[in-house]
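Chemist: what would the 3D arrangement of this be:
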Amino acid sequence: MSVGRNMLSSVVLAAGMAVFGVSAQSLPALQEFYFDDDVAAVAPVVVPADSADVVDQLMKQRERGRKALEATVQLASVAYAQGRPELGRELYADAEKSAASTSAPGRMVRWNHGWDLFRQGDAEAALTQWHTAQQGLRGNASWVPPTYALALWTLGRKDEAVKWYAAAVRTEPQRWSTSTAYAQLLPGWRDSERASLAEVQQAWAAQPPAWP
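Modeler: Model prediction:
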């Protein structure tokens with residue numbers, strides 16, 4: 001592992017990546033339904049996370065593997081998890097340069113970067129990444145309403161969060177009208193994230209917004 005960490009440290013950090021917040025005006029207009037699957041909304045696992053030499057293996061895959069992009073994204077997540085956000089951002093910047101935001105690989109990069117930023121406490125930057133990922137997809141991805149609701153609620157934009165959550169309920173009321181199935185619906189989310197979304201659900205239940 002020490003060799004892998006040294007290799008990881010050798011990645012040259014470029015100038016910091018500018019991250020611009022998504023204002024209320026720049027968010028896309030709410031749609032009535034969000035039924036579409038998005039193959040890009042997945043965290044890549046090139047090397048099992050519990051491997052003793054996970055960094056070594058990911059560095060090798062990044063340099064010459066057939067899944068170099070996925071390895072870079074997983075490595076960036078490892079860097080964030082190890083408390084090295086500058087390196088994580090640089091690795092994501094490298095990945096973003098090699099994958100257009102309108103492509104499935106590019107959307108995968110930005111969707112994952114959003115989650116790593118959110119888990120670093122930067123919900124605004126996370127929302128920016130998720131917004132970019134959404135813009136690259138034709139259709140209305142099912143991950144968008146609950147994910148936007150989570151970010152907006154965290155940012156204190158609670159009325160907007162409830163409106164986005166309402167879109168999830170309109171789409172699949174049997175799933176989203178209560179929070180009882182969150183563990184099955186959101187298996188990749190942390191308990192704290194599901195708890196925050198449950199707060200949005202409670203606010204929605206107390207006063208469901210009308211459509212449109």
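
Chemist: quick check: next helix or strand after the lowest-mean-pLDDT helix or strand in the chain?
Modeler: Lowest by mean pLDDT, DSSP states H and E among the helices and strands of the chain is helix 2-9, with a mean of 50. With elements assigned by DSSP states H and E, the helix or strand that comes after helix 2-9 is helix 54-64.

Chemist: which strands or helices does that next one pack on?
Modeler: On a contact count with 3 or more CB pairs under 8 Å, 6 or more residues apart in numbering; DSSP states H and E, helix 54-64 meets helix 2-9, helix 68-81. The way it works is simple: take the backbone N, C-alpha and C, and place the C-beta from them, glycine included.

Chemist: now that helix: buried residues?
Modeler: 54-59, 61-62 (16 or more other CB atoms under 10 Å).

Chemist: with stretch 174-192 instead?
Modeler: 175-176, 179, 182, 185-186, 189.

Chemist: what does stretch 201-212 give?
Modeler: By neighbour count on 16+ other CB under 10 Å, the buried set for stretch 201-212 is 201, 203-204.

Chemist: stretch 38-47 now?
Modeler: The neighbour-count check on stretch 38-47 (16+ other CB under 10 Å) flags 38, 40-41, 44, 46-47 as buried.

Chemist: which sections of this structure are below the confidence cut-off?
Modeler: 1-25 (pLDDT under 70).

Chemist: roughly how far apart are Ala181 and Gln31?
Modeler: 23 Å (CB to CB, to the nearest Å).

Chemist: quick one on the thing from earlier: let's have the buried residues of helix 54-64 in CSV, adding distance to Val162.
Modeler: As requested, the buried residues of helix 54-64 are exported to CSV (distance: CB to CB, whole Å):
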residue, distance to Val162
Val54, 39
Val55, 41
Asp56, 46
Gln57, 43
Leu58, 39
Met59, 44
Gln61, 42
Arg62, 41
